[in-house]
Structures are given as structure tokens and as C-alpha cells.
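Trainee: quick one: sequence plus predicted model below, questions after.
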2 protein chains.
Amino acid sequence: MYSDECEPYGYDAFRRTCPSHAVLEMLSSKWVYLTIGALRRGRMRHGELARKMEGITPKMLTQTLRTLERDGLVLREIFPVIPPRVEYELTALGHDLAGLLDQIRSWSEMHVPDIRSARLAAEESGKQAAAG
Amino acid sequence: MYSDECEPYGYDAFRRTCPSHAVLEMLSSKWVYLTIGALRRGRMRHGELARKMEGITPKMLTQTLRTLERDGLVLREIFPVIPPRVEYELTALGHDLAGLLDQIRSWSEMHVPDIRSARLAAEESGKQAAAG
DNA sequence: GATAGGCACTATCTTTTGTATAGTGTAGAT
DNA sequence: ATCTACACTATACAAAAGATAGTGCCTATC
């Protein structure tokens, strides 16, 4: 099955025709990290998510949620009321992924000082190279 | 320390002024995943990396490597010979991250069938909605 | 000896993606 | 009567990614 797209060695994200490459591409967005990270604690509404994720535009949030819904990571439930009420939650697949993504998010938070000092060092040596 | 940028609650990637948000943004690129994934097995040259990562342009590869170098995840060693020889390898920090990133890559490869079927289902219900 | 190719890029142009800003219609609060 | 919240949608603009071609140097081929 699917042998024509990524065989004979199985799925390999390094190959651009392999579907796993597209999956990796879909996941590599900061908004995906944050959306899934936010939903990990329970179902949320569009407005709640927007307030939690500083700087996201409604367009981007909707787009991210639709992609995640399409790919089976998020479930969208619409309540036919006025004003509209829509709730989002992770699917089982989404929860499975959420653990991994949250590790990356934690890593980002934990290693800020390391990266900051590396950047400062790079800046310094850059200046020296420019001056010397 | 750094209290002005992400306090009083510590680093939080959900806040766009928090430096960890920028770190997460830097990491969320498929080329970062693949570059670090490739370097995990040992030092490599630009050309080797380019051949391994199908579809990357030399510009994008150089750019990705420079960013990773600047942020202390990759070490760049230049040999002053002709033709030029440049080798890249992960730093300790890079290796630390590589384990996490590789889990996401594996996840992408493992869950292709799940995502594929979710997409097909979404497509089907989309068609029905358009027709009905 | 002209041609092709590898090396590690750089430069330019085009396309895609993300961001900013404003607007949709309904309903309750002020 | 105006303001806000809800969950978006639409348009215009800026930033990023991708495609294509070129740089100087050397080795190997025809």
C-alpha cells in the first residue's frame, strides 16, 4: 500500500515526494505548536485561543484550526446558537502528538539563555570580523 | 535576569515578546528538522546535506545552517583548501535538541496513514457539503 | 584545449505565505 | 443609540520560501 510514493525503503521525510515530508511541513509552524499546546488542557473556543496566543490574527487562527481539523488532529464542534459558538478539542491523534510538541515548546523555554548567549557571541565575532 | 522580557511568570512561548517565542519560531521549519536530523549521525559537508535533503536549494541550506550556527546548535568548520571544504556538526546543545526533533520526524513518518485517511474523509464530507 | 562537473556558495526574480487592517451579521449590555 | 462579543471573512501589503542562474577555483573527460 502506498508503495509507489515512498518505497522501497518505507516513509522517509527527507524525500520530498514522501507523504511524511508533507506531514512534517504541516507540523512545522509555530502556530501549530501553540494551538495544540493550548488545546492540550481541554476544549477551547476561537476567542479563548486568540487571547491565549498573543499576536495571532483571526485569519491565521482559523486557517491553522482548519488544517488541524482536516488532518484529524483537532475536532470542531459547532453549536447552532446566536451568537455562534464553536468549540475545538484535540482528537486522540492530536493528544498523541501534543506530548511531543510540548517537549519542544518546553525546550524553547528552557534553553533561552543558551541560545541568547550563542547569539551574543556570534554578534561579537561578527563585529570583530567586520572591524578587523 | 531577563525579568523585563517575560516576567513575572517565567518564559512563556505563548507571549510574543518572550524570547522563547522567537526560539520556537526559529525551530518551526521543516529544513531545521531535516538538517539537524541529518547531522545527528555525524559531521557532513554542504553538498552531502544538499543531496540528502531532497528539494532544498543551496540558498535555503546555507541560510538554515547559518541560523543554526548563530544560535549555537551547529558548528561550522572551514578548511582553507582549494576547492573549499566546509564541515558541519551538531554542538552539545544541538544534540540535545536533535533527539526531540527526531521524535517529531518519526511521528510524521509513522502517522502518514492516519493523516491520509483523515484528509480523505475531510475531502469526502467537503464534496458532500458542496453537492448538498 | 574546450567542455563538463564538483565545491560552497551568492544574486536575482517569482511565487507563496504570513501579517495588518477593516468589515460581516446577530444579540445583549450600557 | 452605541458598544461589545462572537466567529469569522476579505482585501492589501510585507516577509519568506522557492526557482534559476552565476561566481571563482580546480579536476577529469572528450
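Mentor: Yep, it's here.
Trainee: hmm, residue A:92 and residue A:72 touching each other?
Mentor: No: here residue A:72 does not reach residue A:92: they are 9.2 Å apart, not a contact under C-beta atoms under 8 Å. C-beta coordinates here come from the backbone N, C-alpha and C atoms, glycine included.
Trainee: for chain A, which residues score under the pLDDT cut-off?
Mentor: Applying pLDDT under 70 to chain A picks out residues A:1-5, A:7-8, A:127, A:129-132.
Trainee: looking at residue A:72 and residue A:92 now, which is surrounded by more residues?
Mentor: The neighbour count for residue A:72 versus residue A:92, taken as other C-beta atoms under 10 Å in any protein chain shown, is higher for residue A:72 (20 against 11).
Trainee: which residues does the more buried one contact?
Mentor: Counting by C-beta atoms under 8 Å, 6 or more residues apart in numbering or on different chains, residue A:72 makes contact with A:91, A:93, A:94, B:114, B:115, B:117, B:118, B:119, B:121, B:122.
Trainee: give me every residue that touches the nearest residue to it once chain neighbours are set aside.
Mentor: Of all residues not flanking residue A:72 in the chain, residue B:118 sits nearest, at 2.7 Å (C-beta to C-beta, 6 or more residues apart in numbering or on different chains). For residue B:118, the contact set (C-beta under 8 Å, 6+ apart) comprises A:70, A:71, A:72, A:73, A:93.
Trainee: again, only this time at 10 Å
Mentor: A:68, A:69, A:70, A:71, A:72, A:73, A:91, A:93, B:111 (C-beta atoms under 10 Å, 6 or more residues apart in numbering or on different chains).
Trainee: which residue packs closest to residue A:78, ignoring adjacent ones?
Mentor: Per C-beta to C-beta, 6+ apart, closest to residue A:78 is residue A:86, 5.2 Å.
Trainee: from residue B:76, how far out is the one you found?
Mentor: Applying C-beta to C-beta, to the nearest Å, the value for residue A:86 to residue B:76 is 48 Å.
Trainee: cool, residue A:58 as well?
Mentor: Distance from residue A:58 to residue B:76, by C-beta to C-beta: 41 Å.
Trainee: how many neighbours does residue A:6 have?
Mentor: Residue A:6 has 19 neighbouring residues, counting by other C-beta under 10 Å.
Trainee: quick one on the thing from earlier: just to be sure, which of the contacts of residue B:118 are found in strands?
Mentor: Among the contacts of residue B:118, DSSP state E puts none in strands.
Trainee: can you pick out the most distant pair from the residues you listed?
Mentor: For the contacts of residue B:118, the farthest-apart pair by C-beta to C-beta is A:69 and B:111; their separation is 15.8 Å.
Trainee: ok, for the residue sitting nearest the centre point of chain A, nearest residue in space, not its chain neighbours?
Mentor: In chain A, the centroid-proximal residue (C-alpha atoms, centre = their mean) is residue A:32; its distance is 2.3 Å. In this structure, residue A:32 finds its nearest non-sequential neighbour in residue A:64, 6.2 Å apart by C-beta to C-beta, 6+ apart.
Trainee: against residue A:46, how distant is that neighbour?
Mentor: In terms of C-beta to C-beta, residue A:64 sits 11 Å off from residue A:46.
Trainee: also residue A:88?
Mentor: 7 Å.
Trainee: so for the two, which residues contact both of them?
Mentor: With C-beta under 10 Å, 6+ apart, residue A:88 and residue A:46 have common neighbours A:61, A:65, A:76.
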